[in-house]
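**Student:** what follows is a predicted protein model with its sequence.
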Amino acid sequence: MSDIANIAGNIGSPTSRLQRAAQIEPTHRPTTPTPDRFGRRDADAVELSDQAQKYVESQSQSTAPTDRIARIQAEISSGTYDTDARLDQAMNRMIDNAIA
């Protein structure tokens, strides 16, 4: 193995090795994100539009999906969810999608 300490031309010198600072200097970075002159922030952020917020509110008020999920879970538990007709329908859709 070779010693790369001689690159600086000072073999065996203690100054050729990295020395750890005795005291760590504090950084002067802000702790909270501040917008720049273009309105951009230092940190990532997600902001929903008014339309997206209305959509989220309308979805949380609907109970239809939870009712459907409960019905499907009950059918699976009772063994009536998987039928030959549903399997044939799923296979036909899969073939139609593969051909298209």
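**Tutor:** Yep, it's here. The structure displayed is predicted, hence computed values, not measured ones.
**Student:** look up how far V56 lies from D96.
**Tutor:** Going from D96 to V56 by CB to CB, to the nearest Å gives 34 Å. For glycine as for every other residue, the C-beta is placed from the backbone atoms N, C-alpha and C.
**Student:** wait, I meant A85
**Tutor:** According to CB to CB, A85 and V56 sit 36 Å apart.
**Student:** which of the two has more neighbours?
**Tutor:** Neighbours per residue, other CB atoms under 10 Å: of A85 and V56, the larger number sits with V56, 11 against 7.
**Student:** I'd assumed S49 was in contact with the more buried one.
**Tutor:** No - judged on CB atoms under 8 Å, V56 makes no contact with S49 at a distance of 10.6 Å.
**Student:** point out where this protein drops to low pLDDT.
**Tutor:** Residues of the chain meeting the criterion pLDDT under 70: 1-35, 41-43, 60-64.
**Student:** same thing but 80
**Tutor:** 1-46, 58-65 (pLDDT under 80).
**Student:** tell me the helices in it, going along the chain?
**Tutor:** All helices of the chain, identified by DSSP state H, fall at 50-61, 64-78, 84-99.
**Student:** could you export those as JSON lines, including distance to D44?
**Tutor:** Below are the helices of the chain laid out as JSON lines (distance: least, CB to CB, whole Å):
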{"stretch": "helix 50-61", "distance to D44": "17"}
{"stretch": "helix 64-78", "distance to D44": "30"}
{"stretch": "helix 84-99", "distance to D44": "36"}
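**Student:** for R40, which of the ones you listed is the nearest?
**Tutor:** helix 50-61 (20.2 Å; CB to CB).
**Student:** and for the closest one, what are the contacting residues?
**Tutor:** Residues from elsewhere that reach helix 50-61, judged by CB atoms under 8 Å, 6 or more residues apart in numbering: L48.
**Student:** alright, that wraps it up for me.
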